[in-house]
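Peer 1: Got a sequence here, can you build the structure:
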Amino acid sequence: MQWTEVEEIGFQLAEAHPEIEPQTVRFTDLHKWVMELEGFDDDPKRSNEQILEAIQAAWIEEYTENQEAGG
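Peer 2: Coordinates of the predicted model:
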């Protein structure tokens, strides 16, 4: 996985941290958790605030869908 795969990263984060409300996550933690995802192999220095915002938005969307589906 690469930083540009924001939808996939958002999905993976929702799977890995279902108890976390993504809008409350600091970018420092978000960066760390993305780096820890299985299959993620991009350069840590290639991320930036815009990418992290997009990842967080994708995660929020996934989280909201999961909440509406009842779990």
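Peer 1: where does the protein dip in pLDDT?
Peer 2: Where the chain drops to pLDDT under 70, the residues are 71.
Peer 1: What's the local residue count around residue 27?
Peer 2: A count of neighbours around residue 27, defined by other CB atoms under 10 Å, yields 15. C-beta coordinates here come from the backbone N, C-alpha and C atoms, glycine included.
Peer 1: typo on my end, residue 5
Peer 2: Residue 5 has 16 nearby residues by other CB under 10 Å.
Peer 1: do the one 5 residues further on as well
Peer 2: Residue 10 is surrounded by 22 other residues when neighbours are defined as other CB under 10 Å.
Peer 1: Then residue 46?
Peer 2: 10.
Peer 1: Without its sequence neighbours, what residue ends up closest to it?
Peer 2: residue 3 (5.2 Å; CB to CB, 6 or more residues apart in numbering).
Peer 1: Now do the phi/psi pair for the one you found.
Peer 2: Residue 3 has phi and psi values of phi -60, psi -30 when expressed as degrees, to the nearest 10.
Peer 1: With residue 25 instead?
Peer 2: Taking degrees, to the nearest 10, you get phi -80, psi 130 for the backbone angles of residue 25.
Peer 1: isn't it right up against residue 55?
Peer 2: No - counting by CB atoms under 8 Å, residue 25 stays clear of residue 55, with 9.9 Å between them.
Peer 1: The two - which one has more neighbours?
Peer 2: Between residue 25 and residue 55, residue 55 has the larger neighbour count (other CB under 10 Å), namely 28 against 20.
Peer 1: how far is the helix or strand where residue 13 lies from where the chain is centred?
Peer 2: Using DSSP states H and E, residue 13 sits in helix 6-16. Relative to its parent chain, helix 6-16 has a centroid offset of 5 Å by CA atoms, centre = their mean, to the nearest Å.
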